[in-house]
Each structure stands twice: as structure tokens, then as C-alpha cells.
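Enquirer: Structural data only, the sequence is not supplied:
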């Protein structure tokens, strides 16, 4: 679903994560989100954040909660430093 590179695909993954019963299923979904190469660039990360903000107001509580949870985690400091260096 993440290969779609759109909000609908991300929404499906967030919904699946919110309904995952087994911890390994949840871990696999979180890993797919965390390791998606599309979001490793500044532009990709900006797109992800924009999509998450949209999904944080979704009709489904599971999607909303997952999106809000991801948005509440600050990015590691080394990523912020790398992004600052790229903008110079």
C-alpha cells in the first residue's frame, strides 16, 4: 500500500496498524513506515507530515490515533541537523 505513494495507501497502513492483534504484525507495519525510502529525503518527509496531518482528522479513530501518535514523536536530532545542512 505504501508503494502507491498517496494518502489513501498510508491510511490503509495506519488502519491496519490500529487493528493489529499480534505484536509482530504491528512491528512489521511500523518498520514499513519507518524504513520507507520515500520519506528519507526532506521533500519526502514533508509530504509524509502533510499526509499525517490530514489523516490526524480522519473519520476512523484508529487512523486518527495512529497518525497523531506518529506526529507526536520528534525526529532524531541527527536528522534535523542533516536537514538544516541541506538547506544551507
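Expert: Looks like it arrived, so ask away. It should be emphasised that the depicted structure is a prediction, and the values quoted were computed from it without experimental measurement. Residues are numbered from 1 along each chain as shown.

Enquirer: And for residue 30, the neighbour number?
Expert: 15 (other Cβ atoms under 10 Å). The C-beta positions use only the backbone N, C-alpha and C, and glycine is treated the same way.

Enquirer: typo on my end, residue 22
Expert: 8.

Enquirer: ok, now residue 18?
Expert: Using other Cβ under 10 Å, the number of residues around residue 18 comes to 18.

Enquirer: Next, work out how far apart it and residue 11 are.
Expert: 11 Å (Cβ to Cβ, to the nearest Å).

Enquirer: same question, residue 67
Expert: Distance from residue 67 to residue 11, by Cβ to Cβ: 9 Å.

Enquirer: Equivalent analysis for residue 24, please.
Expert: 22 Å.

Enquirer: so where's the protein shaky on pLDDT?
Expert: Across the chain, the ranges flagged by pLDDT under 70 are 74-88.

Enquirer: rerun at 90
Expert: Residue ranges of the chain with pLDDT under 90: 2-5, 26, 30, 33-42, 45, 73-88.

Enquirer: how about the helices of it, start to end?
Expert: With helices called from DSSP state H, the chain shows them at 7-19, 23-34, 42-55, 61-71, 77-87.

Enquirer: To residue 1, which of these lies closest?
Expert: Checking these against residue 1 by Cβ to Cβ gives helix 7-19 as the closest, at 4.0 Å.

Enquirer: neighbour count winner among residue 67 and residue 11?
Expert: Legend: neighbour count by other Cβ under 10 Å for residue 67 and residue 11, higher for residue 67 (22 against 19).

Enquirer: so what's that one up against?
Expert: By Cβ atoms under 8 Å, 6 or more residues apart in numbering, the contact list for residue 67 reads 14, 52, 53, 55, 56, 58.

Enquirer: any idea how far residue 62 is from the fifth one?
Expert: Distance check for residue 56 against residue 62: by Cβ to Cβ, it reads 12 Å.
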